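Q: Sharing a sequence plus its predicted fold:
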Amino acid sequence: MKQVRTRIAPSPTGEDLHIGNAYTALINYVFAKKHHGKFLVRIEDTDRTRLVEGSEQNILSSLHWLGFDPDESPEKGGPYSPYRQSERLKIYKEYAQELVENGHAYHCFCTPERLAQMRKDQEASHLPPMYDGTCRKLKTQSSKLKVEKGERYTIRLKVPKQGTSTFRDIIRGDISFENKLIDDQVLLKSDGYPTYHLGVVVDDHLMEISHIIRGEEWISSTPKHVLLYQFLGWTPPVFAHMPLLRNPDKSKLSKRKNPVWVSWYRREGFLPEAVRNYLATMAWSFPKGKELFSTEEMVKVFDVAHIQATAPVFDIEKLKWMNGEYIRMKTDEELISILDVYMLQNNLKSLNKQTAVTKISDYKMQMKKILPLVKERMKTLKEFESLAGFFFERPKELERPVNNILLGVAEQALKGSEWNHDAMEQAIRAAAEKTNAKAKDVFMELRVAVTGKSVGPPLLESLEILGREETIARLSSI
RNA sequence: GGCGCGUUCGUCUAUCGGUUAGGACGUUAGAUUCUCAAUCUAGCAAGAGGGGUUCGACUCCCCUACGCGCUACCA
């Protein structure tokens, strides 16, 4: 069997890598690994009007963060360089020319204005909006003349008027379209750049892509691609169209309704392995209903044919749960260094080393004590800030006023006791008895006074970490 | 409008003609606890509708409905 080669082909037209692209990247990556093949990245930057500066860089770095390092890419290079379409313009032009010469494509001199008007008219008379074929009828001779005169032109695919085009999709089976309903697609734009359709076909063939795994949105243009393979005398690769990720309202996942950039998930404190795991469950399920699995485990048992054809809703709540599970799987040491990097990258000032107010000077030691207290309740790395911020900085304001009588007695009791868990608990219970209150209430008042909030890690343990002086200082400053 | 793809609990899914339709997230109740979590236990919750095929359909076929996608010199 031919070597398996898969690819993702993102366009640098957004902030960053779209989560939907991350999802197809995962499948492409896993599929390639499963078959000991190659996974590559090709940047499809053929739309100059939508280019976003820095986008390509962000896409590549998000891919790296996710752990999908390509075997070949614009960054890394490879035997089929270049991997950026804007650097392959000559190639596309040659093939477009070849298609014209073989009678499978033609020059079109229609202006954008004329085309817009044509579409408007068609719409008005309830006709399907398709190119009317004006330039298709042009004689080769007159076309040549116009080109020589320097008229702007595009090159269009000459789609047969009869017959049907069929292709096999490994997720959905055979899909066919009537040729007469396929538009004479522009292949080469007047600015010399190819459209997506010419670009993918040429590059996928030249780069020897064996399996095209891409989003469902491409199903309706696949027959055009199949025609191109045929006209160019090439064997088409295997197609697999992934169901699209959706918003809770079932529409195609969009930035207006959902966070879509991978960098957002990174900033919010999601772990790449959790994102990968969650994405995997969107269209595929691990045997025996196993929910938590690594990408490596997935590689072993994955089978594209078992991809669901139904478009799933992206549920951030479940991702959060999964992320929490992954956080708990980490050892304390691992989590500390992950948090360290995370806090640095996201500039969580309240947690930085300089502002720590505890008496423990060694940051790592401090983290070692704090982490076990909050690890069980974190769902994202970001939550470390709200959960443990008070260790590093005195709360600026209290969530609610505290009961000063209870607090006074508790403060006295704590002053007299020794600093260990049992003694503190005893002191607090004694204070509660003295004021005729419930121990529960005393704990609560202490918590709010010391941490500023009524929820958080266990109080006694927290006090031990803060230390006697800091605790008394906080109580006295109320 | 046309063409295409899809339709099992609120959400992600299992079932590859015979099950009390299973699991997970979320949710509800309880246990536990100094709060919140975490954990454990229990509960609620599903085959869009209609026709076929079959001894028997969630599963296969058809129709309808609904959802989504495409319908650009965007990808």
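A: Received, thanks.
Q: so where's chain A shaky on pLDDT?
A: For chain A, the stretches flagged by pLDDT under 70 are A:1, A:347-362, A:417.
Q: Can you spell out the domain ranges of it, please?
A: Chain A is divided into the following domains under automatic domain parsing: A:5-74+A:245-306, A:88-242, A:331-391, A:404-476.
Q: now these as JSON lines including distance to RNA strand B and mean neighbour count?
A: Bear in mind the C-beta positions are built from the backbone N, C-alpha and C, glycine included. Converted to JSON lines, these look like this (distance: least, C-beta to the nearest atom of the strand, whole Å; neighbours: other C-beta atoms under 10 Å):
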{"stretch": "domain A:5-74+A:245-306", "distance to RNA strand B": "3", "mean neighbour count": "19"}
{"stretch": "domain A:88-242", "distance to RNA strand B": "3", "mean neighbour count": "16"}
{"stretch": "domain A:331-391", "distance to RNA strand B": "3", "mean neighbour count": "16"}
{"stretch": "domain A:404-476", "distance to RNA strand B": "3", "mean neighbour count": "17"}
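Q: Reformat those as JSON lines; add distance to A:Asp315.
A: JSON lines is the format used below for the domains of chain A (distance: least, C-beta to C-beta, whole Å):
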{"stretch": "domain A:5-74+A:245-306", "distance to A:Asp315": "8"}
{"stretch": "domain A:88-242", "distance to A:Asp315": "18"}
{"stretch": "domain A:331-391", "distance to A:Asp315": "14"}
{"stretch": "domain A:404-476", "distance to A:Asp315": "25"}
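Q: of all those, which lies closest to A:Glu397?
A: Checking the domains of chain A against A:Glu397 by C-beta to C-beta gives domain A:404-476 as the closest, at 6.7 Å.
Q: Show me how far the closest one is from its chain's centre.
A: The chain centroid and the centroid of domain A:404-476 are separated by 45 Å, computed with C-alpha atoms, centre = their mean, to the nearest Å.
Q: ends of that domain, how far apart?
A: 10 Å (C-alpha to C-alpha, to the nearest Å).
Q: I'd like to know how far A:Arg84 sits from RNA strand B.
A: Distance, A:Arg84 to RNA strand B, by C-beta to the nearest atom of the strand, to the nearest Å: 12 Å.
Q: and that residue, how many neighbours?
A: A:Arg84 has 18 neighbouring residues, counting by other C-beta atoms under 10 Å.
Q: Let me see the backbone angles for it.
A: phi -120, psi 120 (degrees, to the nearest 10).
Q: my guess is A:Leu17 contacts A:Ser11, does it?
A: No. Taking contacts as C-beta atoms under 8 Å, A:Leu17 lies outside contact range of A:Ser11: 10.8 Å.
Q: what touches both of the two?
A: Common neighbours of A:Leu17 and A:Ser11 are not found (criterion: C-beta atoms under 8 Å, 6 or more residues apart in numbering).
Q: Let me see the ranges of the strands in the stretch 351-478 of chain A.
A: In the stretch 351-478 of chain A, no strands are defined using DSSP state E, counting those that start in this stretch.
Q: residue boundaries of the helices in it?
A: Per DSSP state H, counting those that start in this stretch, the stretch 351-478 of chain A carries helices over the ranges A:363-375, A:383-392, A:404-416, A:421-434, A:439-451, A:459-466, A:468-476.
Q: between those helices, which one is nearest to A:Pro70?
A: Across those, A:Pro70 has its closest neighbour in helix A:383-392 (32.0 Å, C-beta to C-beta).
Q: Just name whatever secondary elements the closest one is in contact with.
A: Identification of packing neighbours for helix A:383-392 by 3 or more C-beta pairs under 8 Å, 6 or more residues apart in numbering; DSSP states H and E yields helix A:363-375, helix A:459-466.
Q: contact partners of the first one?
A: What it means is helix A:363-375. Helix A:363-375 has contacts (C-beta under 8 Å, 6+ apart) with A:327-328, A:332, A:335-336, A:339-340, A:353, A:356, A:358, A:360, A:384, A:387-388, A:391, A:457-458, A:461-462, A:465.
Q: Could you tell me the angle between it and helix A:383-392?
A: Calculated by axes from the mean of the first three to the mean of the last three C-alpha atoms, to 10 degrees, helix A:363-375 forms an angle of 120 degrees with helix A:383-392.
Q: Work out the gap between helix A:363-375 and the centre of the chain.
A: Relative to the centre of its chain, helix A:363-375 is centred 30 Å away, using C-alpha atoms, centre = their mean.
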